[in-house]
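J.: What follows is a protein structure lacking sequence information:
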Ligand code: CTP
């Protein structure tokens, strides 16, 4: 294999990717290094509301558009339900599931379906922190 060639593997990752930031870029670029195709499941506005009690700042169509514009991302879909993770892994033929290590251990039960890898989160940045920082500057 040519050393610059990527392994013939399909990688998948999930997240909200709201108020897109450097931590998001880092995990997506690292995920893509593991294979030659990266699928991103973006959680829907409704799913976020059910989970966190608030809607994302950027609506789902905009979050999808931002992710689709990145050269490391090959395919984006809307994750409608957390219960369907296993089905999404099959549908998008994932060889590897990548998540940040804030999720460490939480997806280990998918190890019979694909490889599961947790990458360390980028330090000192999160959507929640950015929203709070902006809010505190307004108050
Ligand atoms: N992520 C990361 N490093 C960060 C922030 C996020 O590696 N500093 C990863 C998460 O672990 C996840 C993906 O990026 O795998 C999408 O995370 P998301 O929850 O959308 O971003 P957060 O900034 O963590 O958002 P929030 O503060 O709302 O939880």
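T.: Received, thanks. No experiment lies behind these values; they were computed from the predicted model shown.
J.: ok, and the closest non-adjacent residue to the closest residue to the ligand within the chain?
T.: At 1.7 Å from the ligand, residue 100 is the closest residue in the chain, using CB to the nearest ligand atom. Heads up, the C-betas are built off the backbone N, CA and C, glycines and all. Excluding the flanking residues, the one nearest residue 100 by CB to CB, 6 or more residues apart in numbering is residue 121, at 4.5 Å.
J.: how about the one you found, what does it touch?
T.: Listed by CB atoms under 8 Å, 6 or more residues apart in numbering, the contact partners of residue 121 are 23, 27, 100, 101, 102.
J.: quick one: contacts for residue 108?
T.: Shown in contact with residue 108 (CB under 8 Å, 6+ apart): residue 116.
J.: what do you get for residue 72?
T.: Contacts of residue 72 (CB under 8 Å, 6+ apart): 28, 29, 31, 32, 38.
J.: and if we set it to 7 Å?
T.: Residue 72 makes contact with 28, 29, 32, 38, according to CB atoms under 7 Å, 6 or more residues apart in numbering.
J.: Check residue 93 too.
T.: With CB under 7 Å, 6+ apart, residue 93 has these contacts: residue 10.
J.: The one 10 residues further on too?
T.: Taking CB under 7 Å, 6+ apart as the contact definition, residue 103 lies against residue 118.
J.: Mind pulling up the pLDDT for it?
T.: You'll see residue 103 listed with a pLDDT of 95.
J.: give me phi/psi at it?
T.: Dihedral pair for residue 103: phi -100, psi 10, per degrees, to the nearest 10.
J.: and what of residue 6?
T.: Main-chain dihedrals, residue 6, degrees, to the nearest 10: phi -80, psi 150.
J.: Can you pull the poorly scored residue ranges out of the protein?
T.: The chain contains residues with pLDDT under 70 at 1-3.
J.: What separation is there between residue 135 and residue 128?
T.: Applying CB to CB, to the nearest Å, the value for residue 135 to residue 128 is 11 Å.
J.: Perfect, I'm done here.
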